[in-house]
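**Student:** Using only what follows, build the 3D model:
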Amino acid sequence: MNRCIPFLVLLLSLVGTAWGQQVPGGFGNTGFGATQPMSTTNTSPSGIDDSTKVIYGPTTTRYILEDDVLNNRRTLYPVDTTMDEVHRFLYVQRSHNLYQDLGALGTPMHPVFVNVPDQLGAQTGYTVFDAYAYQPLSVKYYNTKSPFTDMYVALGGRNQNILRFDFAQNITPRWNVGFAVQRFTSEKQYGVAGNNDPNKLLAQNWSGVIHTNYRSKNEKYTLLANFINMNHTLAEQGGVLSGTSVTGETIIYNYTGNSRLTGNSVGNGYFTSPNSSEIRNDYHIYQQFAPAEGIQLFHRLDYKRHKNFYQDTTLAVNAGFYKAILGTAANLGDTSKIVLDARFRLLENQVGLKGIFERNGSAFNYRAYLRNRIYGQYTQYATGYAQSNEYETRRFETFLGGWLGYYFPDSLSQITAEAEYQVGGGYRLQGQLTSRLLTAGYSSIFVQPTLLQERFQSNIVNWRNEGFNLRGYNHAFGKLNLRYRKLQIEPGVNYYLLTNYVYFDQQAIAQQASGSFSVLQTGLGYRLAAGKFLASGQAYYTLQSTRSYLQTPPFFMNARFQYEVLYAKALYIQVGVDLHYKSPYYANAYMPITQQFYLQNSQQVEGYILADLYANLRVNRTRLFVKLTHANQGVLQPGYFVAPNYLQMRRGFAFGVDWYLFD
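**Tutor:** Numbering: from 1, shown residues only. Here you go, the predicted model:
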């Protein structure tokens, strides 16, 4: 019977529909030290004493992550019952503002600072909706003594709404199955004809994951598996047009203006308008077997199917929008539409040997592996009425890699080193030292351009860059963790040397810079907890040897000021304000055809302090928040731009509930 269980688990884990698990939003590689949000320590009560009240609760529901299993870390994470950051329900806020979007929930997202690739091998290049999808390596695998349910709803300002439902239950003491599903929507804030406009929806998202984990009775065999689905759609607006007041003055912050991209009526009040979409289906399996002490065989298998789509069936109306960006690169033919359909398929297989040896409180960990990828990207585009063209890229890639780690007896210090080589070109090296006072390291990766950077064809713009060289990212980082009584300070520094950097120029065309340029970033994280008062935040200052290929804000700041009270011995309340500021800079603009951000030097954005007022509350296991977003709108100016031609959302009231059930 035990021999059949792993195969039954695998079958159940891969059958189902579009359901998901923990909050989506893997934000990629934001670097170490100063570019990372400062780690926090909760000052509010962190748990509930279930032993004196109920049998089941947060202490009887734990989860693990695949990375901990892979690295033989015996880490069991408790369900989070803290109130800190409950009010940060939008994805940009969850990333501590290290990403920019187009001002509303569900719009394309892009890193504010240097984004270092986290793996070798060519990728699709379609990443602007990554944060809205569950990530295979971030799935939580539960072990529950009773059924666990997490129900979450956030009714955001200006109709930005999120609904999420998570469930997990142990079938046997060693086998758990769970799922989660998330739905969110947002509405346009300009380019609509009132609240009754049937075309007012801006973004819609269904995402989810089914997951399972199993371990054998003798702990020799472990299985983790998940299936992820996302269906994301976005009405493309191209930004807002400025307006004119009754006195003839230009209205720059025109929240009730028209959008730059528009559509045509198809009857009954509905329009055909430019729109983008992305559909993902990801299957992931991790399993390991330990035949002897210190020796483990492990296997990872991934199968991915991604589809990115863009269409504008009113090209005759919107031709000026594309021509203004593409300039001489535009190739407007006699077709009346743009239809692009890019489909990516990947089969990735990784097998290896790993293990851990422990002695006198210290431990040595090792891993060696072989990884293969077979992938293809097929793109079809319209060339005229009922006519289309297509092109395809297929490749096979092989990688060899290894990983070493040493853990000191104090359990807080470790040294790790990793190397990976791509047969035929490309490598990745990384080393890191982590201790109580210092985190420091160095990484180097030379990786292929994305498939979209290499080649893109459509009826409006084309390029082929098959001669691009490997992109190089060298990154040295360091961060101190200093504490004095109630004060915690984390000064840090990041240095990047970027070689053969690939970017999208001011005509939204993929280009490669010759030579190298550097980026130096210093930062300071702080946290002061004095009684019921808390002040925390991060500040970064960035210098670049050139801004011809990469634009980042010179100064960046997050700050939070919070006060906590206990009412009637049962209601915990945190009231506070979140502040965020970026100095004015020429942030990248967005091209909807390619779903890429590109350089521009005509419009500065940001240069504005954004203030959000909030109150987080907790009664028993239920967490709530109320929030006034963009509370300072109109105090100094009517608004501001978060990206060229895209306005930050206006002032709005948000409310949310996160409710745990353990039986």
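
**Student:** a strand runs through Thr335, doesn't it?
**Tutor:** No - following the definition DSSP: H, G, I helix; E, B strand; the rest coil, Thr335 is coil and is not counted among the residues of a strand.

**Student:** just to confirm, which helix or strand has Asp410 in it?
**Tutor:** Under the assignment given by DSSP states H and E, Asp410 is not contained in any helix or strand.

**Student:** Give me the nearest residue to it, chain neighbours excluded.
**Tutor:** If you skip the residues right next to it in sequence, Asp410 has Arg436 as its closest partner in space, 7.5 Å away by C-beta to C-beta, 6 or more residues apart in numbering. Where you see a C-beta, it was placed from the backbone N, CA and C, and this is true even at glycine.

**Student:** sec struct for that neighbour, please.
**Tutor:** Using three-state DSSP, the three-state assignment for Arg436 comes out as coil.

**Student:** Tell me who's in contact with it.
**Tutor:** For Arg436, the set of contacting residues under the criterion of C-beta atoms under 8 Å, 6 or more residues apart in numbering consists of 410, 412-413, 481.

**Student:** Which of those ranks first by neighbour count?
**Tutor:** In terms of neighbour count, Asn481 stands highest of the contacts of Arg436 at 18 neighbours, by other C-beta atoms under 10 Å.

**Student:** got a pLDDT number for that residue?
**Tutor:** If you check Asn481, the pLDDT there is 94.

**Student:** any idea how far Asn494 is from it?
**Tutor:** Distance from Asn481 to Asn494, counting by C-beta to C-beta, to the nearest Å: 16 Å.

**Student:** for Tyr375, same thing?
**Tutor:** Look at Tyr375 and Asn494: by C-beta to C-beta, they are 31 Å apart.

**Student:** the more surrounded of the two?
**Tutor:** The neighbour comparison of Tyr375 against Asn494 (other C-beta under 10 Å) goes to Asn494, with 24 against 20.

**Student:** re earlier: and of the contacts of Arg436, the nearest to Arg88?
**Tutor:** The shortest approach to Arg88 among those belongs to Asn481, at 23.1 Å (C-beta to C-beta).

**Student:** Return the residues in contact with that closest one.
**Tutor:** Each residue near Asn481 by C-beta under 8 Å, 6+ apart is listed here: 436-439, 488, 490.

**Student:** what helices or strands is the host helix or strand of Ser518 leaning on?
**Tutor:** Counting by DSSP H and E, the element that carries Ser518 is strand 516-530. Judged by 3 or more C-beta pairs under 8 Å, 6 or more residues apart in numbering; DSSP states H and E, the packing partners of strand 516-530 are strand 487-499, strand 533-544.

**Student:** Redo those strands as CSV? Include mean pLDDT.
**Tutor:** Putting the helices and strands packed on strand 516-530 into CSV (pLDDT from 0 to 100) gives the following:
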stretch, mean pLDDT
strand 487-499, 97
strand 533-544, 96
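
**Student:** Assumed Ala104 was part of a helix.
**Tutor:** No - Ala104 is assigned coil when assessed by three-state DSSP, not a helix.

**Student:** Excluding chain neighbours, what is closest to it?
**Tutor:** In space, not counting the residues next to it along the chain, Ala104 is nearest to Ser186; the distance is 4.9 Å by C-beta to C-beta, 6+ apart.

**Student:** If you tally nearby residues, what's the number for the one you found?
**Tutor:** Residues within reach of Ser186, counting by other C-beta under 10 Å, total 26.

**Student:** Just to check, it is in contact with Asn159?
**Tutor:** Yes - counting by C-beta atoms under 8 Å, Ser186 touches Asn159, with 6.6 Å between them.

**Student:** before we move on, the earlier item: give me every residue that touches the residue nearest to Ala104.
**Tutor:** Counting by C-beta under 8 Å, 6+ apart, Ser186 touches 104-107, 156, 158-161, 201-203.

**Student:** before we move on, which element is it in?
**Tutor:** When elements are assigned from DSSP H and E, Ser186 belongs to strand 175-187.

**Student:** Please apply the same query to Tyr322.
**Tutor:** For Tyr322, the element it lies in under DSSP H and E is helix 315-326.

**Student:** Flag every buried residue along that helix.
**Tutor:** Buried residues in helix 315-326, defined by neighbour count with 16 or more other C-beta atoms under 10 Å: 315, 317-319, 321-322, 325-326.

**Student:** what comes up buried for the helix or strand that that helix is followed by?
**Tutor:** Note on helix 315-326: by DSSP H and E, the next helix or strand toward the C-terminus is strand 338-359. Within strand 338-359, the residues that count as buried by 16+ other C-beta under 10 Å are 338-344, 346, 348, 350, 352, 354-356.

**Student:** any idea how far strand 338-359 is from the chain center?
**Tutor:** The gap between where strand 338-359 is centred and where its chain is centred comes out at 18 Å by C-alpha atoms, centre = their mean, to the nearest Å.

**Student:** That one versus helix 315-326: what angle between them?
**Tutor:** Going by axes from the mean of the first three to the mean of the last three C-alpha atoms, to 10 degrees, strand 338-359 is angled at 50 degrees with respect to helix 315-326.

**Student:** which other helices and strands contact strand 338-359?
**Tutor:** Helices and strands in packing contact with strand 338-359 are listed as strand 295-312, strand 362-384, strand 387-407; criterion 3+ C-beta pairs under 8 Å, 6+ apart.

**Student:** which strands and helices sit next to the first one?
**Tutor:** Applying 3+ C-beta pairs under 8 Å, 6+ apart, we find strand 295-312 packed against strand 275-292, strand 338-359.
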